[in-house]
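**Student:** Let me see the structure of the following:
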Amino acid sequence: METSVAPMDNKLQLKSKVVVTITDFGSELQNKWIELKRFKSNVFGIGSDRFRIYIDCEGNEIRHYLCLKHTDELSVDVQYDVFIIDKNQQPFARQRINQKTLDVTENYWSYHLLINKQDLINQTGSLLIDNTLSIAVDMTVHQKYRQSTDGCSWLRTCSSDQLFGVRELCDCRLIVGKDRHEFYASKLLLSCRSEVFAKMFTTDCMEKLSAEVVIDDIEPQVFEQFLRYLYTGRCDQLDDYCQELLVVADKYLVGSLKTMCFNWYSNKISSDNAFKTLKLLQDFGGSDDEELMAKTVDFISRKISSIVGQEIGQQIGIKTQMLNKIKDKIDKIIAKK
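**Tutor:** Numbering: from 1, shown residues only. As a prediction, this is how the structure comes out:
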């Protein structure tokens with residue numbers, strides 16, 4: 001690995017780092033990949049930032065996405081290339097991904113197609129080294145807000161983890177649930193993370209005058225996870241509270257948390273939760289979630305009979321238009337057989 005630092009503009013570069021090696025991939029290519037097959041890199045770092053690449057094999061596609069695991073900064077801009085290393089140690093199927101500014105609350109970035117399965121099969125002789133597929137990245141990270149002044153150097157060098165729960169830096173009280181559980185937070189941080197909180201604290205609302213917010217429709221244990229996410233960009237108990245956090249994220253307009261929740265459902269999709277996922281997408285999803293919507297519809301079409309699907313879907317409130325899409329897809333599959 002070659003890493004270089006350009007201190008004038010805080011640019012850190014990672015050159016040709018092999019992040020994913022998949023052994024016995026020739027055998028993998030013989031599988032139909034009806035079920036999602038996922039491979040992941042080890043966590044790798046550039047400066048204080050930590051990343052992971054995921055490779056998903058499904059149907060006729062090999063896709064990748066980048067996950068930001070940790071950063072100490074307020075903002076990170078990343079540009080990266082993903083490519084396969086061939087037998088001559090040359091890049092193949094290189095893709096350049098330009099990303100917008102990412103803040104500490106946005107962990108997941110969207111999928112991108114790396115290569116079609118058939119194209120990889122056609123190039124097996126030159127792309128598999130000892131039957132192993134090697135995927136590498138070139139990455140440039142532009143890190144902002146590293147400059148600090150003597151007056152607040154401790155605050156600027158603190159990670160969000162350290163700031164969470166520091167009572168001395170809190171200037172508002174949040175009273176949550178029927179039992180009126182109390183949480184304390186920074187109005188500035190809440191306002192930066194949520195447009196809803198920003199309006200509360202900057203307009204002539206009761207919350208601005210009293211520095212107190214009453215929230216009676218969220219359970220305290222869920223709100224604690226939500227508040228921790230606003231500070232740190234992480235959810236340690238997403239498996240336990242994903243649906244509840246999705247509802248909270250929608251209420252407070254925290255789009256990055258909604259994306260995290262939908263990514264969780266995307267990774268966990270099964271016959272048990274496919275219709276539930278579809279209902280959540282219908283109620284809370286947006287244009288950015290069309291890929292997951294299509295994936296969920298396709299899963300239901302392939303895995304669940306149309307009769308059972310119609311009954312379950314109608315019971316939980318799936319719209320007729322969406323059910324008809326599923327039925328049409330199932331009919332096409334049956335016709336091919």
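**Student:** residue contacts, residue 244?
**Tutor:** 218-219, 222 (CB atoms under 8 Å, 6 or more residues apart in numbering). Placement of C-beta: from N, CA and C, glycine included.
**Student:** Secondary structure element holding the closest residue to residue 22 other than its chain neighbours?
**Tutor:** Nearest in space to residue 22, with sequence neighbours left out and distances taken as CB to CB, 6 or more residues apart in numbering, is residue 133 at 4.6 Å. For residue 133, the element it lies in under DSSP states H and E is strand 133-143.
**Student:** What residues sit buried inside that strand?
**Tutor:** 133-141, 143 (16 or more other CB atoms under 10 Å).
**Student:** Touching, residue 112 and residue 97? I think so.
**Tutor:** Yes - counting by CB atoms under 8 Å, residue 112 does reach residue 97; the two are 6.2 Å apart.
**Student:** These two - which one has more neighbours?
**Tutor:** The neighbour count for residue 112 versus residue 97, taken as other CB atoms under 10 Å, is higher for residue 97 (17 against 12).
**Student:** The more buried one and residue 42, how far apart?
**Tutor:** Distance from residue 97 to residue 42, counting by CB to CB, to the nearest Å: 20 Å.
**Student:** now, which of the contacts of residue 244 lie within helices?
**Tutor:** Among the contacts of residue 244, DSSP state H puts residue 222 in helices.
**Student:** possible to save the contacts of residue 244 as CSV with pLDDT, distance to residue 49 and neighbour count?
**Tutor:** Below are these laid out as CSV (pLDDT from 0 to 100; distance: CB to CB, whole Å; neighbours: other CB atoms under 10 Å):
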residue, pLDDT, distance to residue 49, neighbour count
218, 95, 32, 19
219, 95, 33, 16
222, 95, 29, 19
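**Student:** Pick out whichever of the contacts of residue 244 sits closest to residue 68.
**Tutor:** Closest to residue 68 out of those is residue 222 (23.8 Å), distances taken as CB to CB.
**Student:** just checking, the closest one touches residue 248?
**Tutor:** Yes - counting by CB under 8 Å, residue 222 touches residue 248, with 6.4 Å between them.
**Student:** Going along the chain from the helix or strand of the chain with the lowest mean pLDDT, find the next helix or strand for me.
**Tutor:** Across the helices and strands of the chain, the lowest-confidence element by mean pLDDT, DSSP states H and E is strand 2-6, at a mean of 38. Sequence order places strand 11-22 as the next helix or strand after strand 2-6, per DSSP H and E.
**Student:** Which strands border whatever helix or strand residue 51 lives in, and is each parallel or antiparallel?
**Tutor:** Assessed by DSSP H and E, residue 51 sits inside strand 49-58. Paired strands of strand 49-58, with direction, are strand 37-40 (antiparallel), strand 44-46 (antiparallel), strand 61-70 (antiparallel) (DSSP bridges).
**Student:** Would you mark the buried spots in the second one?
**Tutor:** In terms of neighbour count (16+ other CB under 10 Å), strand 44-46 has its buried residues at 44, 46.
**Student:** Report the rounded mean pLDDT for it.
**Tutor:** Averaged across strand 44-46, pLDDT comes to 80.
**Student:** Can you list the neighbours in contact with that strand?
**Tutor:** With CB under 8 Å, 6+ apart, strand 44-46 has contacts from 3, 12-14, 17, 19, 50-52, 139, 141.
**Student:** Pull out the buried residues from these.
**Tutor:** Among the contacts of strand 44-46, those scoring as buried are 12, 14, 17, 19, 51-52, 139, 141 (criterion: 16+ other CB under 10 Å).
**Student:** Go through those residues and name the one nearest residue 60.
**Tutor:** Using CB to CB, these come closest to residue 60 at residue 19, 23.3 Å.
**Student:** For the nearest residue to that closest one once chain neighbours are set aside, report the pLDDT, please.
**Tutor:** Among residues not flanking residue 19 along the chain, residue 41 sits closest, at 3.8 Å (CB to CB, 6+ apart). On pLDDT, residue 41 comes in at 87.
**Student:** Return the distance of residue 41 relative to residue 117.
**Tutor:** Distance from residue 41 to residue 117, by CB to CB: 20 Å.
**Student:** cool, residue 39 as well?
**Tutor:** Computed as CB to CB, the residue 39 to residue 117 distance reads 14 Å.
**Student:** Next: residue 297.
**Tutor:** Distance of residue 297 to residue 117, given as CB to CB: 21 Å.
**Student:** which residues touch the nearest residue to residue 124 once chain neighbours are set aside?
**Tutor:** Leaving out its chain neighbours, the residue that sits closest to residue 124 by CB to CB, 6+ apart is residue 26, at 6.6 Å. Going by CB under 8 Å, 6+ apart, residue 26 touches 124, 128, 131.
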